[in-house]
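Novice: please work out how this folds:
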Amino acid sequence: MKKSVIGVVLALAALFLVFEAGRLIGLPSGRSPAFQFLDTLKISATSTPADVDLRLFWDVWNTVHEQYYGKDDIKDEELVYGAIKGMVRASGDKYGEFFTPEETKNFLEAIAGSFDGIGAEITSRDGQITIVAPLKDTPAERAGLKPGDLVLKINEDTTFEMSLERAVSLIKGPRGSTVTLLINRPELETPLEVSIVRAHIEVSAVESKFIENEPGLGYVAIRTFSETAPREFRQAVKRLVNQGLKRLIIDVRNDPGGVLDASVEVASVILGPDKVIAVEKTKTGEPVEHKSVGDRILPEEMPVVILVNGGTASASEILAGALRDLRGTLIIGEQTFGKGSVQSYAELRAGASVKITTAQWFTPAGESLEGNGLEPDVLVADELTEGTPDAVLNKALELIKQQ
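Specialist: Residues are numbered from 1 along each chain as shown. Below is the predicted model:
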């Protein structure tokens with residue numbers, strides 16, 4: 001299976017990954033991927049490159065099975081999965097990851113927009129598990145998690161230099177169960193312990209409305225670029241246009257990304273067909289342009305602004321960058337997250353899968369997203385709490401009425 005996806009690794013207590021499609025070679029068929037790997041190692045032990053001695057693998061394998069005190073409890077499949085995961089990590093690819101069949105299942109459920117978990121996207125930065133964004137109306141948001149929060153502990157496990165997949169496996173769990181996170185953020189004097197009850201998450205990709213007491217001023221929030229997002233966005237904009245839309249505010253705050261094709265299709269509703277939405281650059285290959293498809297619904301002259309914050313990542317950054325470069329759309333809010341690398345994802349035999357970084361994203365004007373994010377045209381701190389005015393939205397209302 002090949003799927004174009006972009007985003008950051010999420011623990012929506014499953015996974016919400018952001019990457020671009022690729023093809024990798026699978027292992028021999030017929031057994032679980034773990035034992036297929038063992039078969040391959042046995043076959044290749046005497047035919048590998050001169051500087052690689054796979055006999056060392058078998059030396060350690062045999063030593064563990066013969067001498068480890070708890071050897072009776074060893075599960076060979078888990079040893080092999082651990083070895084494969086270690087190989088991917090050892091490559092130095094901070095976004096690279098091998099998924100077991102169960103982890104692959106969780107990932108595909110998250111991309112489809114339905115899963116059990118807390119509803120927060122996480123990534124790893126400088127060896128520290130970090131919250132990218134809580135999704136709207138999820139246990140993570142209700143518990144008060146914020147973009148940029150550092151997760152110091154998950155239950156009793158400290159997280160410094162913990163692998164991302166390990167963090168995901170600890171955070172996720174069946175609905176109704178509880179996970180406790182130790183959170184740190186700059187304004188806290190001491191870390192904060194947060195207990196979150198996991199739930200079944202049904203992600204509505206888009207919500208839309210007219211701003212109250214502002215005739216013709218529409219608002220569309222994109223919560224995630226799931227596979228359903230383009231259809232939901234197109235329907236929402238078409239409904240607003242039919243009801244007298246004159247100006248549009250698009251909100252991608254705390255949108256962690258999702259499927260690349262969804263970002264391109266959403267941009268098409270605003271920009272029309274055959275526009276370069278993003279450019280993918282590999283280490284050695286020619287740049288690949290990703291162009292919009294489908295008919296434009298919004299009139300070209302209609303005023304549009306887009307709202308962002310530190311939880312705006314990946315596909316949502318691509319949309320914001322394309323609208324600014326191609327339409328002159330004002331970006332209002334905070335510096336975005338800065339997820340601009342491309343991961344190639346491929347399903348392997350027996351339900352396992354892998355992703356590796358293969359390229360980086362650039363806006364149509366050539367601006368790199370990776371590690372930088374987008375600097376807003378109008379900087380407004382996004383410090384919305386219950387009962388307080390939305391400063392970013394209020395600034396957008398002020399500016400769009402001047403257009």
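
Novice: which residue ranges make up each domain of the chain?
Specialist: Domains of the chain are assigned by automatic domain parsing as 113-202, 206-339+362-400.

Novice: any chance of those in JSON lines, plus distance to Val354 and mean neighbour count?
Specialist: Any C-beta I mention is one placed from the backbone N, CA and C, and that applies to glycine too. Putting these into JSON lines (distance: least, C-beta to C-beta, whole Å; neighbours: other C-beta atoms under 10 Å) gives the following:
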{"stretch": "domain 113-202", "distance to Val354": "12", "mean neighbour count": "18"}
{"stretch": "domain 206-339+362-400", "distance to Val354": "18", "mean neighbour count": "20"}
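
Novice: mean pLDDT for those domains: which is lowest?
Specialist: With a mean of 90, domain 113-202 has the lowest mean pLDDT of the domains of the chain.

Novice: quick one, helices of this protein?
Specialist: Under the criterion DSSP state H, helices of the chain are mapped to 33-44, 55-67, 76-90, 101-112, 139-142, 164-171, 229-242, 260-271, 315-327, 391-400.

Novice: what's the closest of those helices to Thr282?
Specialist: Evaluated with C-beta to C-beta, the helices of the chain place helix 260-271 nearest to Thr282, the distance being 15.0 Å.

Novice: residues contacting the closest one, please?
Specialist: Contact partners of helix 260-271, identified using C-beta atoms under 8 Å, 6 or more residues apart in numbering, comprise 4-6, 20, 222, 225-227, 229-230, 233-234, 237, 257, 275, 277-278, 290-298, 304, 315-316, 318-319, 322-323, 326-327.

Novice: again, only using 6 Å
Specialist: Here helix 260-271 makes contact (C-beta atoms under 6 Å, 6 or more residues apart in numbering) with 4, 6, 225, 229-230, 233-234, 237, 277, 290, 292-294, 297-298, 315, 318-319, 322, 326.

Novice: ditto for stretch 220-239
Specialist: The contact list for stretch 220-239 (C-beta under 6 Å, 6+ apart) reads 113, 136, 203, 205-208, 250-252, 255, 257-259, 262-263, 265-266, 269, 297, 315.

Novice: take those and keep only those in strands.
Specialist: If you go by DSSP state E, the contacts of stretch 220-239 have 206-208, 250-251, 257-258 in strands.

Novice: can you pick out the most distant pair from those residues?
Specialist: Ser208 and Gly257 (20.0 Å).

Novice: mind giving me the packing neighbours of the top strand by length along the chain?
Specialist: In the chain, taking DSSP E as the definition, the longest strand is strand 353-362. Applying 3 or more C-beta pairs under 6 Å, 6 or more residues apart in numbering; DSSP states H and E, one finds that strand 353-362 contacts strand 97-99, strand 276-282, strand 341-347.

Novice: between it and helix 315-327, how many degrees?
Specialist: 30 degrees (axes from the mean of the first three to the mean of the last three C-alpha atoms, to 10 degrees).

Novice: including distance to Gly218, could the ones in strands among the contacts of stretch 220-239 go into JSON lines?
Specialist: Below are those laid out as JSON lines (distance: C-beta to C-beta, whole Å):
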{"residue": "Val206", "distance to Gly218": "12"}
{"residue": "Glu207", "distance to Gly218": "12"}
{"residue": "Ser208", "distance to Gly218": "7"}
{"residue": "Ile250", "distance to Gly218": "9"}
{"residue": "Asp251", "distance to Gly218": "11"}
{"residue": "Gly257", "distance to Gly218": "23"}
{"residue": "Gly258", "distance to Gly218": "22"}
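
Novice: what's the spacing between Arg185 and Lys401?
Specialist: 34 Å (C-beta to C-beta, to the nearest Å).

Novice: can you check Glu109 too?
Specialist: Using C-beta to C-beta, we find Glu109 at a distance of 42 Å from Lys401.

Novice: this completes my enquiry, with thanks.
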